[in-house]
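# One predicted model, sequence on top.
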2 protein chains.
Amino acid sequence: MRAVIIGAGPAGMAAASRIRKHKPESEITVIERTKYVSFALCGIPYYVGGVVKSLDDLMYYPPNFFIEKRRINLELQAVAERINPREKMVIYRKGDEVKELSYDVLVVATGAKSKMLPIPGIDEDGVLTAHHLDDGEEIKKRLTKAKRVAVIGAGLNGLEFAENIARLGKEVHVFEYFEWPLPRSLDEDMGLILKDLLAKEVKFHFGTPVEEIRRSGSSLRIVSGDTSTEADLVLVFTGIAPSVDLLKDAGAKIGETGGVKVNSRMQTSLDSIYAAGDNAEVINRVTGKPDWMPFAQVANKMGLVAGANAAGKNVEFPGAVKTWTARIFGVEVAGTGLTEAEARKMGYNIRGEMIKGKNKAHYMPNPGDIWIKAVINEDGTILGVQAIGEGALARINVAAALLPYKPKSSDLIFTDVGYAPPLAPVWDPIIVVGRKADPIL
Amino acid sequence: MRAVIIGAGPAGMAAASRIRKHKPESEITVIERTKYVSFALCGIPYYVGGVVKSLDDLMYYPPNFFIEKRRINLELQAVAERINPREKMVIYRKGDEVKELSYDVLVVATGAKSKMLPIPGIDEDGVLTAHHLDDGEEIKKRLTKAKRVAVIGAGLNGLEFAENIARLGKEVHVFEYFEWPLPRSLDEDMGLILKDLLAKEVKFHFGTPVEEIRRSGSSLRIVSGDTSTEADLVLVFTGIAPSVDLLKDAGAKIGETGGVKVNSRMQTSLDSIYAAGDNAEVINRVTGKPDWMPFAQVANKMGLVAGANAAGKNVEFPGAVKTWTARIFGVEVAGTGLTEAEARKMGYNIRGEMIKGKNKAHYMPNPGDIWIKAVINEDGTILGVQAIGEGALARINVAAALLPYKPKSSDLIFTDVGYAPPLAPVWDPIIVVGRKADPIL
């Protein structure tokens, strides 16, 4: 069997490794644009901030591991240009050379790409984004000369970069269209709580749409209404989109989310072609509908399933619930399922319930605050949960485990989470929000 | 409606408060042996160790809160002596006075009592246990004169006391019959890992049955085989048992576990009498059978349900999965469901799978080790999980949430737990143990 994988990120390499495991005699080739494999894009801000010393550290395994231990051919710095599904052929370019590779099974794991803000000045020199390890290198290089950095977009990526760049002693400005951080992940009520907890050493400009980036000598000006802010470097994190062009051009079905349509075995609409990772759709186990979840862990799992199926096994990916988390300026924050805003937009008739609790027994030294919000459907089903504070992820993971089972508030209450004075209060915050939401208890 | 509650612990006070909420006009009286209400027994070791300054801090609310805000009569330092279920009457003693109280509904929340080791010398002065706040006071008093302390039993309580007493600079010896700590909570393979991580400043004597406690002048000798160890104070934590005498004498059915039989509404076999807390049985949601789970959070929930039902609501307690956790000498440890040893004893044909993982992305500074073991039935169902290391509870809580749904290893793999480099690796350890256990993935 001849397997070809396009994209050496987590999904691609998980698929490649899985095929090797189940089909020891197969020939496996991975085509990758960069010189990196099995890379952790989530680590880039920490590389920029000096927490991670080398970009090579962001690879789970180095290329040689795959070549030698797993007998996987790596075509690095090679760009897939076309898939010919009838001939079962991939056409790719490596340097000046155009090559062809035939496949019995093909796994396309081309990931996502940054969506740049369509405003004047976005193409100026000094305006960058980061969606690959090389971008991290470039930002780090430019930071040696930059004193003032503007970050556009206070989503997960924007905040992680802002934190890491502030750590280097730079003056950091963050511009966000909405009035609160993580506007796509947190509802306004939760977002305003996080806003209060953010670092004071970074200057946040909330409710500030960026209208133009204007060059002014050696620096750039971020213009919004009557005000403008000077910066030496501008980083744009205004969203990402699935990279689907290769499959789209080959005739694969693309879903309403913009991601490639796949079935539960990660098969695209084209014969013998699988898709996995940020380019593919995922079933949202809360709504039961296709969704797009560009998260590394989901990508890894899709790769695992695609690889197993490509190698002749029969494994189904049930989908995911959109769990996310981060620690930003020391504040832990996490969420799963639908936000109130998302749920309303989808037509659910819902209510939100929020509590403020502690993450330890009240009598232990320095218990930390934790805020939890549950989004509850009119039939009593929990559709999503958000949390802020030390221990947020531990509580969100409980909700994430329950969401596929359509939990009611009583299921939150009666989940038997662990209790010990240094680790949790006896009424754990995830139980307390369940009680707040419950019609009786 | 006249409601009487026996026992002012978490279960009793949760029931009392719930009755007040649903029946604003009812008359509610709580009979309690001590002077404390809504107390956290789990906090006693931390009081002994000086982490908690006052025993009053271990009450969630002081007596006056219940008297004034919730209009609950408190009969403190009063001992219930007999229940007359035909006359619906409780006979209790307060000082020299014997009193009677009639009830429409009765909630019995008498908790558990310590089981002392039946060995020579167990009644010597200076041999104590701790099962109530007053015991904490007594131990603290004696510690002012004791330099060497022996703790018998390396279960959760024994280790928490050993840690806290070591913190005071005392010489601490811990004696354990088994070869590893937490022998009823951890399987031997996991227990031996924890053993290696325990504090070196405490002298552990594993595999050391205590045969006698012998007085020797002003000190005591712990005798085991040919060896003996001197101590000024001996604390015994060799298990607890449900306090069921009152209900047993009244004719209530007692289960095989030794706890009071209750239905899912927490009703005993006697008319209008509910039981809640450590004296009552609980359905184990893994086995579906009655079990005994003397954990504060479970007790609280039972109290909530008993109170709601006593007040005319209809709430069912689905049971629990025996989740426990602790931080001992800085090591976080947790478990849920059945251990391998328990499962084998019950006749399950099982296997155990253990992994060692990290609690952060590999490229972040100082990721911590975490060990997770899953116990898997022959049909592939996960029956229990144990974990050791920073972040253990967060992973165990995920398993605890899943256990009622009879999860397979693939359910562990596909639970959408959160990932961010400072908080978890992309293949979270709870997913990795699922992969290890899975026949395909």
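Done, it's in.
# wait, does stretch A:127-140 contact chain B?
No - taking CB under 8 Å from any CB of the partner chain as the criterion, stretch A:127-140 and chain B are apart, separated by no less than 11.7 Å. In short, each C-beta sits where N, CA and C put it, glycine included.
# Tell me which residues are up against that stretch.
Outside of stretch A:127-140, the residues within contact range by CB atoms under 8 Å, 6 or more residues apart in numbering or on different chains are A:34, A:36, A:39, A:41, A:44-45, A:47-48, A:55, A:58, A:112-114, A:116, A:121, A:142, A:157, A:161, A:213, A:220, A:233-237, A:240.
# quick one: which of these sit in strands?
Where the contacts of stretch A:127-140 overlap with strands, as defined by DSSP state E, the overlap consists of A:112-114, A:213, A:220, A:233-236, A:240.
# Pull the most distant pair out of those residues.
Taking CB to CB as the measure, the ones in strands among the contacts of stretch A:127-140 span a maximum distance of 25.9 Å, between A:A112 and A:L220.
# Tell me the buried residues in stretch A:178-195?
Within stretch A:178-195, the residues that qualify as buried are A:178, A:180-183, A:185-187, A:190-191, A:193-195, counting by 16 or more other CB atoms under 10 Å in any protein chain shown.
# Quick check: the two most widely separated of those residues?
The most widely separated members of the buried residues of stretch A:178-195 are A:F178 and A:I193, with 14.3 Å between them, by CB to CB.
# How about the contacts made by the residue nearest the centre of chain A?
Nearest residue to the geometric centre of chain A (CA atoms, centre = their mean): A:F295, 3.3 Å. If a contact means CB under 8 Å, 6+ apart, then A:F295 has A:320, A:322-324, B:419 as its contacts.
# Quick check on it: phi, psi?
Reported as degrees, to the nearest 10, the phi and psi values for A:F295 are phi -120, psi 140.
# Now that we have the contacts of stretch A:127-140, which of them are buried?
Buried residues within these, defined by neighbour count using 16+ other CB under 10 Å: A:34, A:36, A:39, A:41, A:44-45, A:47-48, A:55, A:58, A:112-114, A:116, A:121, A:142, A:157, A:161, A:213, A:220, A:233-237, A:240.
# Arrange the buried residues of stretch A:178-195 in CSV, one row each, with distance to A:P24 as further columns.
As requested, the buried residues of stretch A:178-195 are arranged in CSV below (distance: CB to CB, whole Å):
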residue, distance to A:P24
A:F178, 52
A:W180, 52
A:P181, 49
A:L182, 45
A:P183, 48
A:S185, 42
A:L186, 47
A:D187, 50
A:M190, 49
A:G191, 50
A:I193, 53
A:L194, 49
A:K195, 54
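# quick check, nearest of those to B:S410?
Ranked by distance to B:S410 (CB to CB), the buried residues of stretch A:178-195 are led by A:S185 at 27.3 Å.
# The closest one belongs to a strand, doesn't it?
No - secondary structure assignment places A:S185 outside any strand; it is coil (DSSP: H, G, I helix; E, B strand; the rest coil).
# just the helices in the stretch 251-400 of chain A please.
Using DSSP state H, counting those that start in this stretch, the helices assigned to the stretch 251-400 of chain A run over residues A:296-310, A:340-345, A:392-402.
# quick one, what contacts the closest residue to chain B within the stretch 201-350 of chain A?
Of all residues in the stretch 201-350 of chain A, A:T325 sits closest to chain B, with a separation of 3.4 Å (CB to the nearest CB). The neighbourhood of A:T325, defined by CB under 8 Å, 6+ apart, consists of A:332-335, A:392-393, A:396, B:418-420, B:423-424.
# ok, now with 10 Å
Taking CB atoms under 10 Å, 6 or more residues apart in numbering or on different chains as the criterion, A:T325 is in contact with A:156, A:185, A:295, A:332-336, A:387, A:392-393, A:396-397, A:400, B:417-420, B:422-424.
# same check, this time on A:V223
A:V223 sits next to A:119-121, A:210-214, A:229 when contact means CB under 10 Å, 6+ apart.
# Pull out the buried members of the contacts of A:T325.
A:156, A:185, A:295, A:332-336, A:387, A:392-393, A:396-397, A:400, B:417-420, B:422-424.
# Got the domain ranges for chain A?
Taking automatic domain parsing as the reference, chain A has its domains at A:2-112+A:241-310, A:116-236, A:325-437.
# Can you give me the end-to-end span of the last one?
Domain A:325-437 has its terminal residues 23 Å apart, counting by CA to CA, to the nearest Å.
# same check, this time on the second one
Distance between the boundary residues of domain A:116-236 (CA to CA) amounts to 7 Å.
# One more: the first one?
With CA to CA as the measure, the first residue of domain A:2-112+A:241-310 is 10 Å from its last.
# Spell out which parts of the stretch 51-200 of chain A neighbour chain B.
Among all residues of the stretch 51-200 of chain A, those adjacent to chain B (criterion: CB under 10 Å from any CB of the partner chain) are A:51-60, A:156, A:160.
# Now pLDDT too, for those residues, in a markdown table please.
Formatted as a markdown table, those follow (pLDDT from 0 to 100):
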| residue | pLDDT |
| --- | --- |
| A:V51 | 96 |
| A:V52 | 97 |
| A:K53 | 96 |
| A:S54 | 96 |
| A:L55 | 95 |
| A:D56 | 95 |
| A:D57 | 96 |
| A:L58 | 96 |
| A:M59 | 95 |
| A:Y60 | 94 |
| A:L156 | 97 |
| A:E160 | 97 |
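# So which of these is surrounded by the most neighbours?
Neighbour counts for these were taken using other CB atoms under 10 Å in any protein chain shown; the highest belongs to A:E160, with 27 neighbours.
# Give me the nearest residue to that residue, chain neighbours excluded.
Across the structure, with CB to CB, 6 or more residues apart in numbering or on different chains as the measure, the residue nearest A:E160 apart from its sequence neighbours is A:P45 (4.0 Å).
# cool, and A:A154?
Nearest non-adjacent residue to A:A154, counting by CB to CB, 6+ apart: A:E176, 3.7 Å away.
# do you know how far that neighbour is from B:E138?
Going from A:E176 to B:E138 by CB to CB, to the nearest Å gives 58 Å.
# just A:T268 next, same as before
Applying CB to CB to A:T268 and B:E138 gives a distance of 71 Å.
# Between these two, point out the one with more neighbours.
For A:T268 against B:E138, the residue with the higher neighbour count under other CB under 10 Å is A:T268, and the figures read 27 against 13.
# Quick check: A:G434 is in a helix.
Yes - with the criterion set as three-state DSSP, the secondary structure at A:G434 is a helix.
# what's the closest non-adjacent residue to it?
Taking CB to CB, 6+ apart, and ignoring the residues beside it in sequence, A:G434 has A:L412 as its nearest neighbour in space, at 3.0 Å.
# Equivalent analysis for A:L338, please.
With CB to CB, 6+ apart as the criterion, A:L338 has its nearest non-adjacent residue at 4.0 Å, and that residue is A:G384.
# which residues touch that neighbour?
For A:G384, the residues meeting the contact criterion (CB under 10 Å, 6+ apart) are A:187, A:286, A:321-323, A:335-340, A:342-343, A:350, A:352, A:373-377, A:396, A:399-400, A:403.
# Span of stretch A:265-282 from start to end?
The separation between the terminal residues of stretch A:265-282, taken as CA to CA, is 11 Å.
# Can you name the residues that contact A:W180?
A:154, A:186-196, A:198, A:204, A:206-207.
# Tell me the secondary structure at the nearest residue to it once chain neighbours are set aside.
Distances taken as CB to CB, 6+ apart place A:G191 nearest to A:W180, at 2.9 Å, with adjacent residues excluded. In the three-state summary, A:G191 is assigned as helix, counting by three-state DSSP.
# so for stretch A:285-299, what's the average pLDDT?
Averaging pLDDT along stretch A:285-299 gives 98.
# next one: stretch A:2-12
Mean pLDDT, taken over the full extent of stretch A:2-12, equals 98.
# same thing with stretch A:307-314?
In this model, stretch A:307-314 has an average pLDDT of 98.
# try stretch A:200-211
Stretch A:200-211 shows a mean pLDDT of 95 in the predicted model.
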